[in-house]
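Asker: Here is my input, please return the structure:
(2 chains)
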Amino acid sequence: MTDTTASHVESAPVQLNEDWVSAIIGISVFVLALLGLSGVDLLGWAVKSKIWTDPAQSLGPFGKSYAWLGGLPSLVFTYLALLAVLSAAAAVIKANVSRFAVTFSAVFWLAYLAWDIGGYAHFAAETPAELAKYGVTWSLHLTAEGGYIVALVAGLLIANFFPGVAAWLDEAIRPDLYVKIAIVLLGGAIGITVAGKLNLASAVFVRSLAAIVEAYLIYWPVVYFIARKYFGFSREAAAPLASGISICGVAAAIATGGAIRARSQVAVLVASLVVVFAVIELFLLPFLASTFLAHEPLVAASWIGLAVKTDGAAVAAGGITEALINAKNAAAGVHYQPGWILGTTTTIKVFIDVFIGVWAFILAHVWTTYINPNTPGGKAKASEIWDRFPKFILGFVLTFALGLAAALTLKGQGPALKAVADETTIFRVIFFVLTFFSIGVLSNFRRLWADGLGKLAAVYVVSLFGFVIWVGLFISWLFFHGVKPPLVS
Amino acid sequence: MGQIDLKAEVQGAAAEPLLPIEKKLIGWSLGLGIGLLAILIVVNALGLL
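Answerer: The predicted structure is shown next:
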């Protein structure tokens, strides 16, 4: 992977600023959406895509009061609003603002075009009723969320066949920024959704606690042992690799590398590998989940949250899994409430993220006290726990709390609350699309092959596909077997 | 150090034997993890949370 790719793989100072910026943007959008409860729709101009046979009918503004705007103008307004907000964010995180603005424009239009293509009825129509509704006789059944896969493929094509374009787009290829904003927005939607089913939400909470235990106290030591004992990796390489495979991919690998005072390039090397495998999982696991676990949706959701090892890919995979499983069940007449599968996957991923700082501190203490006591950088400090804590999670917690509070205190305003969740989802979807596209652009498989990361990749394959996903599936089954999301009333 | 040199070093480095502290880290983590997981499975099954 190139250094330009690595430059947007978080280094600690940029990661802190990016975290706060994503939290602020996500909270702001959700609060603006919440104002809709007072009857004022400030975000209804945002563009919404529909499944289409006529491309002219594929777009429209989300809010009914903005219907006069039309499809293409609402898309232009959405682009301009995101350009303004994200360019301001670029200024805060000290990116090249003018270059970001130009490249983000290209990223937005390419990604949204791919998303819109995914809405073509022959790709997206799910059920026999939908095929009849759109007047088509065949479909790939990818659902409306199939556009994510189209965006990912578009990014992959650019990365692997037009590397010069990928390099030019680099300033705006920021999957971590986009997915963190999306996760903060998702917090609000989840808060509104779970208000009506708190006992199920508490089951997700307990499962998420178990996920923390699995990731840090079971997966990590096993992967570390495999890397050290059977593949002969040094401690400097094995620790970030174990974190990347077990915990949370890029962020965990970088945090661990810093904690054990490894050379920064080691963690970046591992992070490159994590992104590539996350893409492979993104293609494979949602379809495996919908094929074998459609009758156990929350087992599938939990499994995806544990098995896919970057925030972006895990949450994205959760979205695709939900679309596929809900469509499959809908075809059989079972209509689950949307949001529970994606919400479960996201909550599990977020819970795992929370403890990155704690684990990094523990490793730092072990390394600087016992293994390399004379390392430059000094002994581990407790302040590292806060330094490495992913701040965007505070945004997720706040929007979750706001959404839950609104839903619990305004029980009689069900339709208005649903509109808030749906409007938030419009923006969450757009940031997901940007995330998928960016992940694709970062995944240059040919460079990886040429760079010869074979031994690192071998540990990844053995650990992930030989241990992590199976243990995750088994424990997900123990917690969620027989537990179903609520049905649409 | 160049990227290519580092890759070669990471992949071809001489094996470092597992230190006692590494074995403790692995052993304690696994032991604590299995114990906590068992507790959470029981808590979940009994619906205590």
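Asker: Pass me the low-pLDDT residue ranges in chain B, would you?
Answerer: Within chain B, the segments meeting pLDDT under 70 span B:1-15, B:48-49.
Asker: Contact partners for the closest residue to chain A within it?
Answerer: Nearest residue of chain B to chain A: B:G33, at 2.8 Å (Cβ to the nearest Cβ). C-beta coordinates here come from the backbone N, C-alpha and C atoms, glycine included. Neighbour list for B:G33: A:213-214, A:216-218, A:221 [criterion: Cβ atoms under 8 Å, 6 or more residues apart in numbering or on different chains].
Asker: likewise A:V29?
Answerer: Contact partners of A:V29, counting by Cβ under 8 Å, 6+ apart, are A:43, A:181, A:185, A:424, A:427.
Asker: I figured the last one was touching A:L186, is that so?
Answerer: This points to A:F427. No. In this structure, A:F427 is not within contact of A:L186 by Cβ atoms under 8 Å, at 10.3 Å.
Asker: Now do the contacts for A:V150.
Answerer: Per Cβ under 8 Å, 6+ apart, neighbours of A:V150: A:114-115, A:117-118, A:123.
Asker: again, 10 Å this time
Answerer: Going by Cβ atoms under 10 Å, 6 or more residues apart in numbering or on different chains, A:V150 touches A:111, A:113-120, A:123-124, A:142, A:433, A:436-437, A:440.
Asker: Within the helices and strands, which one has the residue of chain B closest to chain A?
Answerer: helix B:20-46 (DSSP states H and E).
Asker: What are the boundaries of the strands in the stretch 1-150 of chain A?
Answerer: Here the stretch 1-150 of chain A has its strands, by DSSP state E, counting those that start in this stretch, at A:47-49, A:59-61.
Asker: just to revisit the earlier point, of all the contacts of B:G33, which comes closest to chain B?
Answerer: For the contacts of B:G33, the nearest to chain B is A:L217 (2.8 Å; Cβ to the nearest Cβ).
Asker: quick one, phi psi at A:E126?
Answerer: The phi and psi values for A:E126, taken as degrees, to the nearest 10, are phi -100, psi -50.
Asker: Helix or strand: which one has the residue lying closest to it once chain neighbours are set aside?
Answerer: Distances taken as Cβ to Cβ, 6 or more residues apart in numbering or on different chains put A:A327 closest to A:E126, at 3.8 Å, once the chain neighbours are dropped. Using DSSP H and E, A:A327 sits in helix A:311-331.
Asker: Which SSE is immediately downstream of that helix?
Answerer: Heading C-terminal from helix A:311-331 (DSSP H and E), you reach helix A:340-354.
Asker: The nearest residue to the residue of chain B closest to chain A once chain neighbours are set aside: how many residues sit nearby?
Answerer: Once flanking residues are discounted, B:G33 sits nearest to A:L217: 2.8 Å by Cβ to Cβ, 6+ apart. Neighbourhood size, A:L217 [other Cβ atoms under 10 Å in any protein chain shown]: 22.
Asker: A:L217 touches B:L32, doesn't it?
Answerer: Yes. A:L217 is within contact range of B:L32, at 5.5 Å (criterion: Cβ atoms under 10 Å).
Asker: buried residues in the helix holding B:G33?
Answerer: B:22, B:25-26, B:29-30, B:33, B:36-37, B:40, B:44 (16 or more other Cβ atoms under 10 Å in any protein chain shown).
Asker: again with stretch A:327-347
Answerer: Within stretch A:327-347, the residues scored as buried using 16+ other Cβ under 10 Å are A:327-330, A:334, A:336-347.
Asker: sorry, back to before: what's the angle from the helix holding A:A327 to helix A:340-354?
Answerer: 160 degrees (axes from the mean of the first three to the mean of the last three Cα atoms, to 10 degrees).
Asker: what's the offset of helix A:311-331 from the middle of its chain?
Answerer: Mean-position distance between helix A:311-331 and its chain equals 12 Å (Cα atoms, centre = their mean, to the nearest Å).
Asker: in it, what counts as buried?
Answerer: For helix A:311-331, by 16+ other Cβ under 10 Å, it's A:311-330.
Asker: residues near the closest residue to A:Q57 other than its chain neighbours, how many?
Answerer: Nearest residue to A:Q57, sequence neighbours excluded (Cβ to Cβ, 6+ apart): A:K50, at 7.0 Å. Look at A:K50: counted by other Cβ under 10 Å, it has 14 neighbours.
Asker: Phi and psi next, for A:K50.
Answerer: According to degrees, to the nearest 10, A:K50 has phi -130, psi 160.
Asker: For chain B, see how far away it is.
Answerer: 40 Å (Cβ to the nearest Cβ, to the nearest Å).
Asker: for A:A237, same thing?
Answerer: Distance, A:A237 to chain B, using Cβ to the nearest Cβ: 5 Å.
Asker: Quick one: neighbours of that residue, just the number.
Answerer: 28.
Asker: Quick check: it touching A:V268?
Answerer: No. Taking Cβ under 10 Å as the definition, A:A237 is not a contact partner of A:V268, at 11.9 Å.
Asker: check contacts around A:I426.
Answerer: Counting by Cβ under 10 Å, 6+ apart, the residues that A:I426 touches are A:29, A:33, A:43-44, A:46-49, A:61-63, A:78, A:185.
Asker: what's the answer for A:V47, then?
Answerer: The contact partners of A:V47, taken as Cβ under 10 Å, 6+ apart, are A:58-62, A:69, A:71-79, A:112, A:116, A:426, A:429-430.
Asker: Put the buried members of those into a ChimeraX selection.
Answerer: Selection of buried members from these for ChimeraX, criterion 16+ other Cβ under 10 Å:
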select /A:58,59,60,61,62,69,71,74,75,77,78,79,112,116,426,429,430
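Asker: Among the contacts of A:V47, which ones are in helices?
Answerer: A:71-79, A:112, A:116, A:426, A:429-430 (DSSP state H).
Asker: tell me which parts of the stretch 101-250 of chain A are close to chain B?
Answerer: Counting by Cβ under 10 Å from any Cβ of the partner chain, the residues of the stretch 101-250 of chain A close to chain B are A:199, A:202-203, A:205-207, A:209-222, A:224-225, A:228-229, A:231-239, A:241-242.
Asker: Now with 6 Å, please.
Answerer: Contacts of the stretch 101-250 of chain A with chain B, taken as Cβ under 6 Å from any Cβ of the partner chain, map to A:202, A:206, A:209-210, A:213, A:217-218, A:221, A:225, A:228, A:232, A:234, A:237.
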